[in-house]
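> Provided below for reference: sequence and predicted model.
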Amino acid sequence: MMVKEIDSLLQAADPDRYLCALFAQPEHRAGLLALYGLNHELGRAADSSSESLIGEMKLTWWRDAVADLYADPPKVRRHDVTEGLAALTDRISLADLTPLIEARFDDLSARPFTDLDDLLAYVDATAGRLVSLALAVVGARDALAPETVQVAGRAWGLTGLLRAFPIRAQIGRAPIGGDALAAVDATPAMMAQGLGAEKIAQARVGIVETAKAACARLEAARPLPADVVPAMGYCLLAPTHLRRLPDNPYALAPDINPLARRLRLTWLALTGR
């Protein structure tokens, strides 16, 4: 994969993070894009694999490819993402990066979330860890309190899972705990088949409210230091995405207008607000 290809891929697949990365210092930008490229590859390994074995093989390849970067001597596999990550080994440790990969293996198991705490643990290990890693890439690891980093990850992570509800439901990992489903007499099997929209919408209310609460706490942390905006400024778009969630959980949410996204992130980069 060439550099231009991953650039184009992120523009289409992860435009919020991509645009934020463009505000990074030139020496940090390629590293952020490589990190987000890895996150995209990990996510689609589970979401796009109808066979869990194929998904497991893909995730294992990435786990081994990342570990190779920290070998003595380092081994860089031929891939745009791994080549970009190779330049980050002095800022991100293998121990920091591996859990981001390991968390995705749980998606392959199609194990439904048991409750809200289980869901939040997954979000912290994926979206939350990605925020922390991105801050390390731009040299701002200690610029925010750990609580703010966690809230940012939860605001974005929960919102992202809700937006991807139709896809997540099909792989058995919709962002609703089994306890919330039981409370409305619904099951993961119903979600996998796209049934019981009204019941499922009722069951997801608590998750939506939790996401809104995280967004409110993140809003209260503004203005953000300028150096953290390229690494996590996109999290402040979560409230806008939440407002666009359709009443039917199985329907795809409309995206933010590209011009509005660009203007919002530009203003954030300039003012921290």
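Nice, thanks for sending it over.
> Report all helices and strands that the helix or strand residue 209 falls within contacts.
Using DSSP states H and E, the element containing residue 209 is helix 205-220. Here helix 205-220 touches helix 116-123, helix 146-163, helix 238-243, going by 3 or more C-beta pairs under 8 Å, 6 or more residues apart in numbering; DSSP states H and E. (Each C-beta comes from the backbone N, C-alpha and C, glycine too.)
> Output the first one as CSV - backbone C-alpha positions only.
Right, helix 116-123. These are the backbone C-alpha positions of helix 116-123, laid out as CSV (Å, rounded to 0.1, in the frame of the first residue of the first chain):
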residue,chain,number,x,y,z
LEU,A,116,-22.3,-1.3,30.7
ASP,A,117,-19.1,-1.9,32.5
ASP,A,118,-18.1,-4.5,30.0
LEU,A,119,-18.8,-2.2,27.1
LEU,A,120,-16.8,0.7,28.7
ALA,A,121,-13.9,-1.6,29.3
TYR,A,122,-13.9,-2.4,25.6
VAL,A,123,-14.2,1.3,24.6
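> Quick check: buried residues in that helix?
116, 118, 119, 120, 122, 123 (16 or more other C-beta atoms under 10 Å).
> try the second one
When burial is assessed from 16+ other C-beta under 10 Å, helix 146-163 yields the following buried residues: 148-163.
> For residue 86, find the nearest of the helices and strands packed on helix 205-220.
Closest to residue 86 of the helices and strands packed on helix 205-220, according to C-beta to C-beta: helix 146-163, at 25.1 Å.
> what angle do the closest one and helix 205-220 make?
Relative orientation of helix 146-163 versus helix 205-220 (axes from the mean of the first three to the mean of the last three C-alpha atoms, to 10 degrees): 140 degrees.
> Find the nearest non-adjacent residue to residue 157, please.
Nearest non-adjacent residue to residue 157, counting by C-beta to C-beta, 6 or more residues apart in numbering: residue 127, 2.9 Å away.
> give me the number of residues near residue 184?
Other residues near residue 184 number 16, with proximity taken as other C-beta atoms under 10 Å.
> For the helix ranked longest in the chain, C-alpha coordinates in CSV please.
Scanning the chain for the helix with the most residues, using DSSP state H, yields helix 26-47. Written as CSV, here are the backbone C-alpha positions of helix 26-47 (Å, rounded to 0.1, in the frame of the first residue of the first chain):
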residue,chain,number,x,y,z
PRO,A,26,4.8,17.9,9.8
GLU,A,27,7.1,15.6,11.8
HIS,A,28,4.1,14.1,13.6
ARG,A,29,1.6,13.8,10.8
ALA,A,30,2.8,10.7,9.1
GLY,A,31,3.0,8.9,12.5
LEU,A,32,-0.6,9.8,13.3
LEU,A,33,-1.8,8.6,9.9
ALA,A,34,0.0,5.3,10.3
LEU,A,35,-1.5,4.8,13.8
TYR,A,36,-5.0,5.6,12.4
GLY,A,37,-4.3,3.3,9.5
LEU,A,38,-3.5,0.5,11.9
ASN,A,39,-6.7,1.1,13.8
HIS,A,40,-8.7,1.0,10.6
GLU,A,41,-7.1,-2.3,9.6
LEU,A,42,-7.8,-3.8,13.0
GLY,A,43,-11.4,-2.7,12.9
ARG,A,44,-12.2,-4.1,9.5
ALA,A,45,-10.4,-7.4,10.2
ALA,A,46,-13.4,-8.2,12.5
ASP,A,47,-16.2,-6.3,10.8
